[in-house]
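A.B. asks: Provided below are the primary sequence and the corresponding predicted coordinates.
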Amino acid sequence: MLFSDPDVLAIFTEYDQRHQSERERMQQLPPGAFGELRDEFLLPIGARVGGYLRSLVIAQQPARILELGTSYGYSTLFLADAARENGSKLVSVDVDAAKQDYARNMMQRAGLADHVEFRCGDALDIIAQDQGKWDFVLLDIWKNLYLPCFDAVYPKLAEEGILVSDNMIAPASAREAVRAYRGAVRGKPDLQTMLLPIGSGIEMSIRWTEGNPKL
């Protein structure tokens, strides 16, 4: 079972039912119509990736978690549930206020609202304004923003901090942006990184300095 809390599980079930309904709707769209309608869809990371991230956060016990790309709050649910488990704080960022309002309502109904701080605005501005370090970062926004967001968040990634980026394998339309992002990650000598073929593919990068006495 993904969630032991019945209130959290109920919200996940609601998300899952919405996603299944949207998948059927996508199949009925005429060619080329999705681009104009994409903001109407969840486009979730999926239960396998969500469950993996939840387990990873619980195991790592990060003090501060950053989610770049709230959208409708699907991945937020997994991260917030893990944050509650650890006593961590999750900051979730999105430029779309309506989507964040939807996500905020879902977190309230799940009983997780006290563990999430929603910040609405440009991701680069929000990253720049925050003076703290991030112990865990999920990057899941429009792919043309992956590289600038990485450049902004990398200096603020804590030692042993983890950066997870979604959609590294699919969709194919994002391949050019993904290649540029993965190249930048691999250019940092203090990042250990690997591609995991789960969901749409995630890149998991860990900040590790050789000789770190903690490791």
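C.D. replies: Looks like it came in fine.
A.B. asks: helix/strand/coil for the spatially most central residue of the chain?
C.D. replies: Nearest residue to the geometric centre of the chain (Cα atoms, centre = their mean): L138, 3.6 Å. Three-state assignment for L138 (DSSP: H, G, I helix; E, B strand; the rest coil): strand.
A.B. asks: now do the SS call for the residue lying closest to it once chain neighbours are set aside.
C.D. replies: Using Cβ to Cβ, 6 or more residues apart in numbering and skipping the chain neighbours, the partner closest in space to L138 is E67 (4.8 Å). C-beta: built from backbone N, CA, C; applies to glycine. Recorded secondary structure, E67: strand (three-state DSSP).
A.B. asks: ok, E67 - contacts?
C.D. replies: S75, T76, L79, L90, V91, S92, V93, V137, L138, D140 (Cβ atoms under 8 Å, 6 or more residues apart in numbering).
A.B. asks: quick one: contacts of stretch 29-48?
C.D. replies: 2, 12, 15-16, 18-19, 22, 26, 50, 53, 71-72, 74-75, 96, 99, 140, 166, 198-200.
A.B. asks: from the chain's centroid, how far away is the helix or strand of the chain with the lowest mean pLDDT?
C.D. replies: Lowest by mean pLDDT, DSSP states H and E among the helices and strands of the chain is helix 34-37, with a mean of 75. Helix 34-37 has its C-alpha centroid displaced from the chain centroid by 22 Å (Cα atoms, centre = their mean, to the nearest Å).
A.B. asks: show me what the strand ranked longest in the chain is packed against.
C.D. replies: Identified as the longest strand of the chain according to DSSP state E is strand 157-165. Judged by 3 or more Cβ pairs under 8 Å, 6 or more residues apart in numbering; DSSP states H and E, the packing partners of strand 157-165 are helix 47-60, strand 134-139, helix 146-153, strand 202-207.
A.B. asks: ok, S88 - how many residues close by?
C.D. replies: If you count neighbours by other Cβ atoms under 10 Å, S88 ends up with 21.
A.B. asks: ok, it touching R54?
C.D. replies: No. Using Cβ atoms under 8 Å as the test, S88 is too far from R54 to be in contact (11.9 Å).
A.B. asks: overlap in contacts, these two.
C.D. replies: Listed as contacting both S88 and R54 by Cβ under 8 Å, 6+ apart are A82.
A.B. asks: quick one: the helices in the chain, in order.
C.D. replies: 6-27, 34-37, 47-60, 74-86, 97-110, 123-129, 146-153, 175-186 (DSSP state H).
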